[in-house]
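Q: Provide a 3D model corresponding to the input given below.
(chains A and B)
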Amino acid sequence: MILPLAARRLALTAHVTTSVGWLGAVIGFLALAVVGASSHDEQTARSAYIAMDSTAWFVLVPLALASLLTGLVQSLGSKWGLFRHYWVLFKLAITVVATAILLLYTETLNQMAELARDPASTSAELEDPSPVLHTTAALVILIAATALAVFKPRGVTPYGWRKLRGRTF
Amino acid sequence: MDDRDRSDGVDAPNITGDKAPPAPTWVKVAGAIALILVLVVVIALLSGGKHGPGRHLSTVHVASQAPIAEGHERA
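A: Purely as a prediction, here's the structure:
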């Protein structure tokens, strides 16, 4: 169903806001991850891991889910469709995979925050490059998704081609 | 570069002919990269044995939090 123009513009605004917000939040999260993995001050490192856990639940996860949801509305409510153009398909795959990995990784972050809260844990145990690696990977694929949305490279899927032909003839 | 406004999906591609056009080069390249990345992750998961919180914690803490760590092995 094609949404009216005003609704499409509203959906697009919501999708851009949540998607770019997610990207920005990942950059902020990366700063925390770097501090947690490299800070020489034990209290600072502990604080970074605890902040990462909260940031993931209250910022990253809501933005990721909102980006996915608004993207579905935006594509299904416009002529782009969800499976007609390769760029939309790739962007959907990136968003779904990134959101799934994020949801799985919240468990790891929770464990790290628990370790950071434990006074018995040592600074050597706290230093962990995992959040930096995961966040860097997330940043790369979210930038790729943003580039796809901006450039919209040409290419119609076989399904999209059949739909377009059906509309023409 | 084509600077038409394509924000609403209004520029229909060339749909002449009886067969769907082949996938563009960028799709093939991106698909190959995605496939390689998936294989790398699968190989890492298979060779590493487990991937998740237990992998990131020290032996002492994994042992002390065994029920939780075991729960993460499925991730």
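Q: starting at the chain centroid, how far to stretch A:35-45?
A: 25 Å (C-alpha atoms, centre = their mean, to the nearest Å).
Q: mind listing what's buried in it?
A: Judged by neighbour count (16 or more other C-beta atoms under 10 Å in any protein chain shown), stretch A:35-45 contains these buried residues: A:Val35, A:Gly36, A:Ala37, A:Ser39, A:Ala45. For every residue, glycine as well, the C-beta is placed using N, CA and C.
Q: ok, A:Ala120 - contacts?
A: Neighbour list for A:Ala120: empty [criterion: C-beta atoms under 8 Å, 6 or more residues apart in numbering or on different chains].
Q: quick one: low-confidence parts of chain B?
A: B:1-17, B:49-75 (pLDDT under 70).
Q: Would you mind listing what in chain A touches chain B?
A: Contacts of chain A with chain B, taken as C-beta under 8 Å from any C-beta of the partner chain, map to A:8, A:12, A:78-81, A:85-86, A:90, A:93, A:104, A:107-108, A:110-112, A:114-115, A:118, A:121, A:125, A:128, A:130, A:152-158, A:161-162, A:164-165, A:168.
Q: quick one: A:Thr25 and A:Ala138, what's the gap?
A: Careful, residue A:25 is Ala; it's not Thr. Distance, A:Ala25 to A:Ala138, by C-beta to C-beta, to the nearest Å: 10 Å.
Q: between these two, who's got more neighbours?
A: A:Ala138 (22 against 18; other C-beta atoms under 10 Å in any protein chain shown).
Q: Number of residues surrounding the residue lying closest to the more buried one once chain neighbours are set aside?
A: Counting by C-beta to C-beta, 6 or more residues apart in numbering or on different chains, A:Ala138 lies nearest to A:Val26, which is 5.2 Å off, once chain neighbours are set aside. Residues within reach of A:Val26, counting by other C-beta under 10 Å, total 25.
Q: who are the neighbours in contact with A:Val26?
A: Per C-beta under 8 Å, 6+ apart, neighbours of A:Val26: A:Leu60, A:Thr135, A:Ala138, A:Leu139, A:Leu142.
Q: buried subset of those residues?
A: Among the contacts of A:Val26, those classed as buried by 16+ other C-beta under 10 Å are A:Leu60, A:Thr135, A:Ala138, A:Leu142.
Q: if we can go back for a sec, as CSV, the buried residues of stretch A:35-45 with secondary structure would be great.
A: CSV is the format used below for the buried residues of stretch A:35-45 (DSSP: H, G, I helix; E, B strand; the rest coil):
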residue, secondary structure
A:Val35, helix
A:Gly36, helix
A:Ala37, helix
A:Ser39, coil
A:Ala45, helix
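Q: From A:Pro62, how far out is the residue nearest to A:Asp53 when sequence neighbours are not counted?
A: Nearest residue to A:Asp53 in three dimensions, chain neighbours excluded: A:Ala113, at 3.6 Å (C-beta to C-beta, 6+ apart). Plainly put, A:Ala113 is 18 Å away from A:Pro62 if you go by C-beta to C-beta.
Q: neighbour-wise, which of the two wins?
A: A:Ala113 (19 against 14).
Q: No further questions, thank you.
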